[in-house]
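Predicted model and sequence below, questions to follow.
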Amino acid sequence: MTDPVAFISAPAKINLRLLVGPPRTDGYHPVDSLMVALDGLTDTVMVAPADVRRVMCPGVEEQANLAWHALDALEAAVGRSLPCEVTIDKHIPAQAGLGGGSSDAAATLHGANHLFGLGLSLQELELIAGRVGSDVPFFIRGGAQWARGRGEILSDATTPPFAALIVKPDIGLATANVYRAFDAVPAPESSSDHHVPHDFAGLVEWMRNDLWPAALHCAPELAQVAERLIDEVGAHATLLCGSGSAVAGLFPTRAEAAAALLAG
């Protein structure tokens, strides 16, 4: 082992563009998404040595946590046991579309790789992450990435500066339920526009989430959340976060978002 304890920041994400295709033969929906890791909304994951594996996270049973599955996949990849204690300090809400569980899993992989001195590269960690969940490879790399396939095929991207004010309503949305609703509503118009605008005004016109109608079908009250972000808070535009239920109000700067929050 190297350092006795590893602390890793696990950020939330937003999908500035999420195009969804019909289900494949394996049941997964192909996506074409611009994903961005957010600065300011993070969990903290601590990975420490232990005699037996433990994963502690408020409200999530050990073996139901993606961090647990991440350790399963990592042990299978390296061919040995990696006993450790994972403690997750949660700030990213669940069933919000912000990727909190996937981010925690990726942070666990990073932490265990460091803790046990495994020396795995980012590419090797991404391959392992792909066995854990569709969004986990993105969080291994972070930043801004185009994610394709079921989310595991990544390519670097850039975006103009923006800030997001995120509202998580009391209701949560299970990803599987939203995708079932997606299959029941008319298919969205296809698009192949991967030219990310260079300024904020262009970005808000270009961003898109194909899951919005399905999320509204599951939780019609999300329409009121989006309306209030525009009418009462002054957001320039709104966007469903992943499969929901969180909705983001977009602003050109963090200062403007902070001022809008105080005023609202």
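Yes, it's here. Residues are numbered from 1 along each chain as shown.

Every contact and neighbour count from this point should use C-alpha atoms.
OK.

Next, name the residue at the spatial heart of this structure.
What sits nearest the mean C-alpha location of the chain, by Cα atoms, centre = their mean, is residue 99, with 2.6 Å.

just checking, it touches residue 13?
Yes: contact criterion Cα atoms under 8 Å: residue 99 and residue 13 qualify, at 6.1 Å.

how close does the residue of the chain positioned farthest from its centre sit to residue 188?
What lies farthest from the middle of the chain is residue 51; by Cα atoms, centre = their mean that is 31.1 Å. Distance, residue 51 to residue 188, using Cα to Cα, to the nearest Å: 51 Å.

for the record, mean pLDDT for stretch 246-264?
Confidence for stretch 246-264, expressed as mean pLDDT, is 93.

Name the residues that touch it?
For stretch 246-264, contacts defined as Cα atoms under 8 Å, 6 or more residues apart in numbering pick out 96-98, 161-169, 200, 204, 222, 225-226, 229-230, 232-241.

which among these end up buried?
Neighbour-count burial (16 or more other Cα atoms under 10 Å) applied to the contacts of stretch 246-264 gives 96-98, 162-168, 200, 204, 222, 225-226, 229-230, 233-241.

residue contacts, the residue nearest to the centre of the chain?
12-13, 135, 242.

Need the buried ones from those selected in PyMOL.
The PyMOL command for the buried members of the contacts of residue 99 (criterion: 16+ other Cα under 10 Å) is given here:
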select buried, resi 12+13+135+242
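
what about the longest helix in this protein?
For the chain, the longest helix by residue count, based on DSSP state H, is helix 100-115.

Check which helices and strands that one sits against.
Other helices and strands packing on helix 100-115, by 3 or more Cα pairs under 8 Å, 6 or more residues apart in numbering; DSSP states H and E, are strand 6-20, strand 31-49, helix 66-78, strand 84-89, helix 122-130, helix 136-141.

Dump those to TSV, plus mean pLDDT and distance to residue 253.
Below are the helices and strands packed on helix 100-115 laid out as TSV (pLDDT from 0 to 100; distance: least, Cα to Cα, whole Å):
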stretch	mean pLDDT	distance to residue 253
strand 6-20	96	16
strand 31-49	97	13
helix 66-78	98	33
strand 84-89	98	28
helix 122-130	97	31
helix 136-141	97	24
